[in-house]
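Participant: just the structure for this:
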Amino acid sequence: MADRSVERPWADLPRDLAEHMRPHLDEVADAMILEIQSRVREYDRPGDGSYSGTLRTAVERVLHHFVDRVADPAGEPASVSDFFRAIGRGEAGEGRSLDAMQTAMRVGGMVAWRRITEGADHLGVAPRTLGAVGEALMMFQDDLAAAAAEGFAQAKAAVAGEMQRRRKRLLDLLFSDPPATPEAIADLAAAAHWPVPRTVAAVALPPGAGDGRQPAYPQDILADLGRRAPSLVFPDPDGPGRAKLLDRALRGTRAVVGPTVPIAEAGRSIQWARKTLGLVERGVVEPASGVIRSVEHLSTLILFQNEDLVTGLAELRLAPLAHLRAGQQDRLAETLLAWLQSGRNANEVALRLHVHPQTVRYRLRQLEELFGDQLMDPDLRFDLEIVLRARALLADGPGEHMIPSAKAAVGEQGEVVTFRRS
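Facilitator: Numbering: from 1, shown residues only. Reported below is the predicted structural model:
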């Protein structure tokens, strides 16, 4: 009586059927190997004895395990499953797909079924039992195919993980200070399967950019979003169509692209990109609708390269405004900057500030009284424009202004200068 605790169709098979099959296994194995090699080109390797030996081992293990399962349906199938997981891992390691192996399994199953049906008449196997054998054979094939696919996926994941780790190490190497040697870059790039470009642009992203789902960047982009300062390296950024490709890859992300540099200078590109990103987050650089490029904000980067120096210069040059109320400081500083930017033309200043020309002239008279001959000195006018530009940029940021307050300094003439932060 069949053991109903065992999964069908194995439970429906007569146990003595296995003993009728065993004497014919070598013959069936030969027929399966011959058919597989004739119908699956990848398995026809006449000059490769080791490969033929592996094929025979696989076929014989499958046949013997199938018969063992017929004899004992409750037996443990782990050994043959592990064997096919190893085959799947091997196929992935060789860079092949599972297509050939799955075709070979179907061909082998067809040969096995043909031999079973041919012997069924001699053994007097009932149709119902024959149907159970066929169902068991198909289920057995499915189990082996699933084991191979699992091993294949495991190997692929392991290879992808190792490749990702190599690419992250390559990113670190490109950003290293001092710069890495071309030989070191070439060796690690080869291990990471990354073709070494002539030029690159580094991309800085805000912290937390990698907290969500990892974007599907093009394969030639080196990416590490898991680091404290998420970064990318984009090869050949000035090539045909490359700028649009980068824009599409970064769509929906606040990202700053550093300048295009030789690959050995990738560290300089990321430094520029991160500095620009910091200014964007402070509101100094106005975020664009798309990707922000450092080279479009070079004057601002220069201006904020050393803010202590700019602050010190502001304390010195804006000393004449120190005694005024905050509102007066703002209006006169705005007017003075517009006057310097418009070639000292009062009418142009009025258009820039959207005020009446007479109002501008009144403010300019105040500025002449406050600054005196300083406004006639080209060098001092240059200094004033620097500090007023910096002040205007910071004044547009959220809660951060570079106007003297809370901090006191002594000007050229001994005046106390205070900078307010509004």
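Participant: CA atoms only: put stretch 260-267 into PDB for me.
Facilitator: Presented in PDB, the C-alpha positions along stretch 260-267 are these (Å, rounded to 0.1, in the frame of the first residue of the first chain):
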ATOM      1  CA  THR A 260      35.900  67.700 -16.300                       C
ATOM      2  CA  VAL A 261      39.400  66.600 -15.400                       C
ATOM      3  CA  PRO A 262      42.000  64.000 -16.400                       C
ATOM      4  CA  ILE A 263      41.200  60.800 -14.500                       C
ATOM      5  CA  ALA A 264      44.200  61.300 -12.200                       C
ATOM      6  CA  GLU A 265      42.600  64.500 -11.000                       C
ATOM      7  CA  ALA A 266      39.200  63.100 -10.000                       C
ATOM      8  CA  GLY A 267      39.900  64.200  -6.500                       C
END
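Participant: domains of the protein?
Facilitator: Following automatic domain parsing, one gets these domains for the chain: 10-159, 197-303, 307-419.
Participant: take these and write them to JSON lines, including distance to residue 167 and mean pLDDT.
Facilitator: To be clear about C-beta, it is placed using only N, CA and C from the backbone, and glycine gets the same treatment. Below are the domains of the chain laid out as JSON lines (distance: least, Cβ to Cβ, whole Å; pLDDT from 0 to 100):
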{"stretch": "domain 10-159", "distance to residue 167": "12", "mean pLDDT": "82"}
{"stretch": "domain 197-303", "distance to residue 167": "5", "mean pLDDT": "89"}
{"stretch": "domain 307-419", "distance to residue 167": "35", "mean pLDDT": "80"}
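Participant: packing partners of the strand or helix carrying residue 117?
Facilitator: Following DSSP states H and E, the helix or strand that holds residue 117 is helix 99-123. With contacts defined as 3 or more Cβ pairs under 8 Å, 6 or more residues apart in numbering; DSSP states H and E, the packing partners of helix 99-123 are helix 17-21, helix 25-39, helix 49-71, helix 78-93, helix 127-174.
Participant: residues making contact with that helix?
Facilitator: Contacts with helix 99-123, where a contact means Cβ atoms under 8 Å, 6 or more residues apart in numbering, come from 17, 20, 24, 28, 31-32, 35-36, 39-43, 59, 62-63, 66, 87-88, 91, 130, 133-134, 137-138, 141, 144-145, 148.
Participant: cool, stretch 248-258 as well?
Facilitator: Under Cβ under 8 Å, 6+ apart, the answer for stretch 248-258 is 201-206, 209, 215, 217-218, 221, 232, 234, 237, 246, 268-274, 276-277, 280, 287, 290-294.
Participant: could you redo the last one with a cut-off of 6 Å?
Facilitator: 201-206, 217, 269-270, 272-273, 276-277, 291-294 (Cβ atoms under 6 Å, 6 or more residues apart in numbering).
Participant: buried ones in that stretch, by neighbour count?
Facilitator: Using 16 or more other Cβ atoms under 10 Å as the test for burial, stretch 248-258 gives 249-250, 254-258.
Participant: now the residues you listed as CSV including distance to residue 11 and secondary structure?
Facilitator: Output for the buried residues of stretch 248-258, formatted as CSV (distance: Cβ to Cβ, whole Å; DSSP: H, G, I helix; E, B strand; the rest coil):
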residue, distance to residue 11, secondary structure
249, 56, helix
250, 59, coil
254, 62, coil
255, 61, coil
256, 66, strand
257, 65, strand
258, 67, coil
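Participant: residue 352: which of those is nearest?
Facilitator: Among the buried residues of stretch 248-258, residue 256 lies closest to residue 352 (Cβ to Cβ), at 29.1 Å.
Participant: all strands for the stretch 151-300 of the chain, in order.
Facilitator: For the stretch 151-300 of the chain, the strands defined by DSSP state E, counting those that start in this stretch occupy 199-204, 222-224, 231-235, 256-257, 261-262, 292-293.
Participant: would you reformat the ones you listed as CSV and include distance to residue 155?
Facilitator: What follows is the strands of the stretch 151-300 of the chain, written out as CSV (distance: least, Cβ to Cβ, whole Å):
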stretch, distance to residue 155
strand 199-204, 31
strand 222-224, 23
strand 231-235, 27
strand 256-257, 36
strand 261-262, 37
strand 292-293, 41
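Participant: the helix holding residue 117 to helix 49-71, inter-axis angle?
Facilitator: 50 degrees (axes from the mean of the first three to the mean of the last three Cα atoms, to 10 degrees).
Participant: next, the buried residues of helix 99-123.
Facilitator: Residues of helix 99-123 classed as buried under the neighbour-count rule (16+ other Cβ under 10 Å) are 101-105, 107-109, 111-112, 115-116.
Participant: picking that back up, could you tell me which of the contacts of helix 99-123 count as buried?
Facilitator: 17, 28, 31-32, 35-36, 40, 43, 59, 62-63, 66, 87-88, 91, 130, 133-134, 137, 141, 144-145, 148.
Participant: was I right about residue 84 contacting residue 146?
Facilitator: No: applying Cβ atoms under 6 Å as the test, residue 84 and residue 146 come out as separate, 8.6 Å apart.
Participant: nothing else from me, thank you.
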